[in-house]
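> Model the following, please.
(one chain, ligands or ions: 1)
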Amino acid sequence: MKPDEVNTVGVVGCGIMGSGIVEVCAKAGLKVAFVEATEELKARGQAAIERSTAKAVERGKLEEGERDAALGRITGSTDLHDLADADLVIEAVTEDLPTKREVFHAVDQLIRPDVVLATNTSSLPIAELAAVTKRPEKVVGLHFFNPPPVMKLLEIVRALTTGEETVTFARGMGERLGKTTVLSKDRAGFIVNFLLVPYLNAAIRMYEESFATREDIDTAIQLGLGHPMGPLTLLDLIGLDTALHVSEVLYEEFKDPLYSPPTALKRMVSAGWLGRKSGRGFYEYDK
Ligand code: 3HC
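Residues are numbered from 1 along each chain as shown. Just a heads-up that it's a prediction; the model follows:
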């Protein structure tokens, strides 16, 4: 299948990343069928898309009519069978290998054999997901960045088994979605997180040791390096549970202390301080 033949994209999982991916696809003129585990999660995902598109209208990034049309192209469900007509499926469920493998195995049985099955994993091996399907050559990583409607990058991750045609398709789809693509091999962290995680972990250690305040660490990076946000604010945006998980996967792969998750990160996650989404992380937020 060619990227311009894609009419419907299936998205599994409608959390922070899934809802952003649904929005990106719908704004690009595609029909989107998303699937969540429960009615409550489905409603939460739909509400997140409505909030984000409202913000886009407010900021003059989207016409009201385009927003209504995009929302009209989205359907939510709690039944994976509703992905049957999809021409591309992107999985964006929780960063847990057994859960993702289960989803890949189930979705593989439901969709046409010519359909590319992609994962938005930020660090897990694509090969492990390809292995539970009958279409390993059609399995690829499509790693979006948070928030997907704003961040322009799409990391394409090619596993040992990914076919050349699938990589070409992924590049074309990235272009259709308005993203710039880069190609990475299937190694934990790919390009971005391989570089980002040691930096974020170092910022947490600096905070943990009371070397500087959270505000000063963030201001130093924002104003000294011109980043849009400092590392602790960024961690709160990413979600501390996700950051911990990515760090653990990288540490497992490389056994390099640079990737070993700082104690403060582990304790904060145990305490339910997950960043913006839980109302508390390195900073406090209105829920
Ligand atoms: N829809 C469309 N556009 C939007 C939008 C929305 N919902 N919300 C914001 N924007 C646009 C704004 O209009 C603005 O565009 P402009 O520069 O053309 O005017 C731009 O996004 C930035 O907006 P603001 O400067 O007003 O700042 P915000 O506070 O709204 O932006 C942010 C927040 C975009 C998140 C910005 O702070 C940023 O880029 N932060 C860094 C994010 C980052 O590094 N993400 C990667 C995380 S790592 C990751 O995802 C990998 C994972 O695997 C861990």
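> Would you mind listing where the protein has pLDDT under the threshold?
Counting by pLDDT under 70, the ranges of the chain that qualify are 287.
> Tell me where it has strands.
For the chain, the strands defined by DSSP state E occupy 8-12, 31-35, 74-77, 88-91, 116-119, 139-144, 153-158, 180-185.
> Just the CA trace of stretch 67-87, in CSV.
Below are the C-alpha coordinates for stretch 67-87, written out as CSV (Å, rounded to 0.1, in the frame of the first residue of the first chain):
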residue,chain,number,x,y,z
ARG,A,67,-11.4,21.4,13.9
ASP,A,68,-15.1,20.2,13.5
ALA,A,69,-14.2,18.3,10.4
ALA,A,70,-11.2,16.6,12.1
LEU,A,71,-13.3,15.7,15.1
GLY,A,72,-16.0,14.3,12.8
ARG,A,73,-13.4,11.9,11.3
ILE,A,74,-12.6,10.3,14.7
THR,A,75,-14.4,7.3,16.1
GLY,A,76,-13.6,5.7,19.5
SER,A,77,-14.4,2.2,20.6
THR,A,78,-13.4,-0.4,23.2
ASP,A,79,-13.4,-3.3,20.6
LEU,A,80,-10.2,-4.1,18.7
HIS,A,81,-12.5,-5.6,15.9
ASP,A,82,-13.3,-1.9,15.0
LEU,A,83,-9.7,-1.7,13.5
ALA,A,84,-10.7,-4.2,10.8
ASP,A,85,-10.9,-1.5,8.1
ALA,A,86,-7.7,0.3,9.0
ASP,A,87,-5.0,0.8,6.3
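> ok so, going back, can I get the strands of the chain in JSON lines with mean neighbour count and distance to the ligand?
For the C-beta atoms, the positions are set from N, CA and C on the backbone; glycine is no exception. Output for the strands of the chain, formatted as JSON lines (neighbours: other CB atoms under 10 Å; distance: least, CB to the nearest ligand atom, whole Å):
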{"stretch": "strand 8-12", "mean neighbour count": "26", "distance to the ligand": "16"}
{"stretch": "strand 31-35", "mean neighbour count": "24", "distance to the ligand": "16"}
{"stretch": "strand 74-77", "mean neighbour count": "18", "distance to the ligand": "15"}
{"stretch": "strand 88-91", "mean neighbour count": "25", "distance to the ligand": "14"}
{"stretch": "strand 116-119", "mean neighbour count": "26", "distance to the ligand": "12"}
{"stretch": "strand 139-144", "mean neighbour count": "25", "distance to the ligand": "6"}
{"stretch": "strand 153-158", "mean neighbour count": "22", "distance to the ligand": "8"}
{"stretch": "strand 180-185", "mean neighbour count": "14", "distance to the ligand": "12"}
